[in-house]
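Chemist: Have a look at this prediction, sequence included:
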Amino acid sequence: MTKNLKVSLKNITKTFGDFYANKDVNLDIYDHEILAILGENGSGKTTLLNMLSGIYYPDGGEILIDDKPVTITNPKEALKYGIGMVHQHFKLIDVFSTIENIAIGLNGKLDLNKTSKEVVELANKYGFTIDPKKKIFKLSVSEKQTVEIMKVLYYGAEVLILDEPTAVLTPQESEKLFNVLRNMRDDGKAIIIITHKLNEVLELSDRVAIMRKGEMIEVLDTDKCNEAILTEAMVGKKVELKIDRIDCRRDEKRLDVKKLSYRNHQNVKVLHHISFDVYSGEILGVAGISGNGQMQLLECIAGLRKRQKGEVLYTNPETHEVENLCLKTPLEIRELGVHLSYVPEDRLGMGLIGNMDITDNIMLRYYNNGKSPFLNRQGSKKIAKELIDSLEISYPNENSTVKNLSGGNLQKVLVGREIASNPNLLMVAYPVRGLDINSSYIIYDLLNQQKQKGTAIIFVGEDLDVLLQLCDRIAVINDGRIVDIVDAKTTTKEQIGLLMTKDSKKGA
Ligand SMILES: Nc1ncnc2c1ncn2[C@@H]1O[C@H](COP(=O)(O)OP(=O)(O)O)[C@@H](O)[C@H]1O
Ligand SMILES: [Mg+2]
């Protein structure tokens, strides 16, 4: 079968503020092919394809369709060029029927019966079943996804982009979707699937484009790939690091998580019987491809999500009493000294308020510490001053609002604020995301200082070299399961990489 070049992205760049979400990206898209876009969360996958589907407009570079440069300013225009995208968050109208949702964008006189018949035929051709009359609110998530896909296909998409389509599906539904996508490919469509799951890439795609930190790292033929090759391309080559690992005292068991399970609001099981413990004076690393349940785990412990099964037992260092955190509110948990700091992909999106200055952002965390009913701005000011000094935060002036800080400095405020609050159990995720090497070392030092004070630390990281050097033990999370807990001193990067990527359901 001959493949034809359909779309070329040339030197595409997209910035948000001073942040490069995509930098100089080149990518060719062929018909008769399933192309996977692989990369960790935040690597720029969605941004890139949003530019092809008319959601964003590139700051630099060129899009060629059938060898001609084009300007795509909105999704409708993208569809005119035969490009359709199914987003992570569906955009259907609940009270309308399937066919009404599909027909809503049609021009001219509507013949719903005719449209229904055509849509059903098209769906059957590829192996989908669809009920045109059924209202959207009565559909399962997987059925809604089918409607979204059929909608863009019916509008003539030849290039079909799916953004993390299996995130909302059960394994059986994913398998079914993959079969449909194979049929579409064989029919000549260009299929692009965005994913961070290696097994999906290997199972489904013909080629795989790997992104890291906004850049296109390489594009490979899938049959020449294996998990190790993909992992390295995704997370990067070994770098020379030297982080101190101070001796671990393991005085008292601070946290004991027992068979914790969690389903998300779409009723997909995200955490499966998670069990592990953490001692005071210990750094427990959590390794895993991002998006495998790390954040949900930390948020369950912090009380921000309600676990469905299991226990989270916390030993209070003052009273030595054991408390079940599952029975407490997030504020009560925080008051026990359990603090969570995570650096989201969008650093301004949560955790900090852009229009407030550094002091006020620090006060967000400390406003309820004072005895008086009035806000104690002096205390926060002192902490702000200390943070600014110890983290070498550079800022335009005393009253600069946080949104004017550069990304790295912003992040030091976010992470430093939690570390400086002297928690008993400190959970940090991706604290050095996007920081330069020197700033990263400052954060590692702060964590080590906390460890020395007897804080129990859970460190979710993305860099295996860092995890191996900084942590005492490493719990490997894969598809919402802790697949192993290893001694960081005696384990290799390859062993962890394998645990991170092997099919956890087939393994243990
Ligand atoms: N509208 C936006 N404003 C600011 N930053 C954004 C926006 N959209 C994406 N980003 C940032 O761009 C980076 C890449 O995001 P995205 O393309 O969604 O990654 P992926 O799909 O690979 O998880 C992230 O750091 C994200 O925070
Ligand atoms: Mg995305």
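Modeler: Now that the structure is in, tell me what you want to look at. Numbers count the residues shown, from 1 in each chain. Ligands and ions are numbered 1, 2, ... in the order given.
Chemist: send the alpha carbons of stretch 180-188 over as PDB?
Modeler: The C-alpha trace of stretch 180-188 is given here as PDB (Å, rounded to 0.1, in the frame of the first residue of the first chain):
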ATOM      1  CA  VAL A 180     -12.000   0.600  14.700                       C
ATOM      2  CA  LEU A 181      -8.900   2.800  14.200                       C
ATOM      3  CA  ARG A 182      -7.200   0.000  12.400                       C
ATOM      4  CA  ASN A 183     -10.200  -0.300  10.000                       C
ATOM      5  CA  MET A 184     -10.000   3.500   9.400                       C
ATOM      6  CA  ARG A 185      -6.300   3.300   8.700                       C
ATOM      7  CA  ASP A 186      -6.800   0.500   6.200                       C
ATOM      8  CA  ASP A 187      -9.500   2.600   4.600                       C
ATOM      9  CA  GLY A 188      -6.900   5.200   3.900                       C
END
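Chemist: Can you name the residues in contact with it?
Modeler: With contact meaning CB atoms under 8 Å, 6 or more residues apart in numbering, stretch 180-188 is reached by 31-34, 125-128, 149, 153, 158, 160, 162, 191, 193, 204, 206. Bear in mind the C-beta positions are built from the backbone N, C-alpha and C, glycine included.
Chemist: ok, and for it, which residues are buried?
Modeler: 180-181, 184-185 (16 or more other CB atoms under 10 Å).
Chemist: Strands of the stretch 301-450 of the chain, residue ranges please.
Modeler: Along the stretch 301-450 of the chain, the segments classed as strands by DSSP state E, counting those that start in this stretch run 309-315, 322-324, 338-342, 425-429.
Chemist: which of these is buried the deepest?
Modeler: strand 425-429 (a mean of 24; mean count of other CB atoms under 10 Å).
Chemist: Now do that one against strand 309-315, angle only.
Modeler: 120 degrees (axes from the mean of the first three to the mean of the last three CA atoms, to 10 degrees).
Chemist: For the strand or helix carrying L35, name the packing helices and strands.
Modeler: If you go by DSSP states H and E, L35 is part of strand 33-38. Other helices and strands packing on strand 33-38, by 3 or more CB pairs under 8 Å, 6 or more residues apart in numbering; DSSP states H and E, are helix 45-52, helix 171-186, strand 190-195, helix 198-204, strand 207-212, helix 227-235.
Chemist: Out of these, flag the one nearest T98.
Modeler: The closest of the helices and strands packed on strand 33-38 to T98 is helix 171-186. By CB to CB, the value is 16.4 Å.
Chemist: can you map out the helices along the stretch 201-350 of the chain?
Modeler: Assigned by DSSP state H, counting those that start in this stretch, the stretch 201-350 of the chain shows helices spanning 227-235, 294-301, 330-335.
Chemist: Next, the buried residues of the last one.
Modeler: By neighbour count on 16+ other CB under 10 Å, the buried set for helix 330-335 is 333-334.
Chemist: which residues touch it?
Modeler: 301-304, 325.
Chemist: Repeat the analysis, applying 7 Å as the threshold.
Modeler: 302-304, 325 (CB atoms under 7 Å, 6 or more residues apart in numbering).
Chemist: from those residues, which is closest to S275?
Modeler: Nearest member of the contacts of helix 330-335 to S275, counting by CB to CB, is L325, at 14.7 Å.
Chemist: The closest one and ligand 1: what is the separation?
Modeler: Distance of L325 to ligand 1, given as CB to the nearest ligand atom, to the nearest Å: 30 Å.
Chemist: For that residue, grab the count of nearby residues.
Modeler: L325 has 23 neighbouring residues, counting by other CB atoms under 10 Å.
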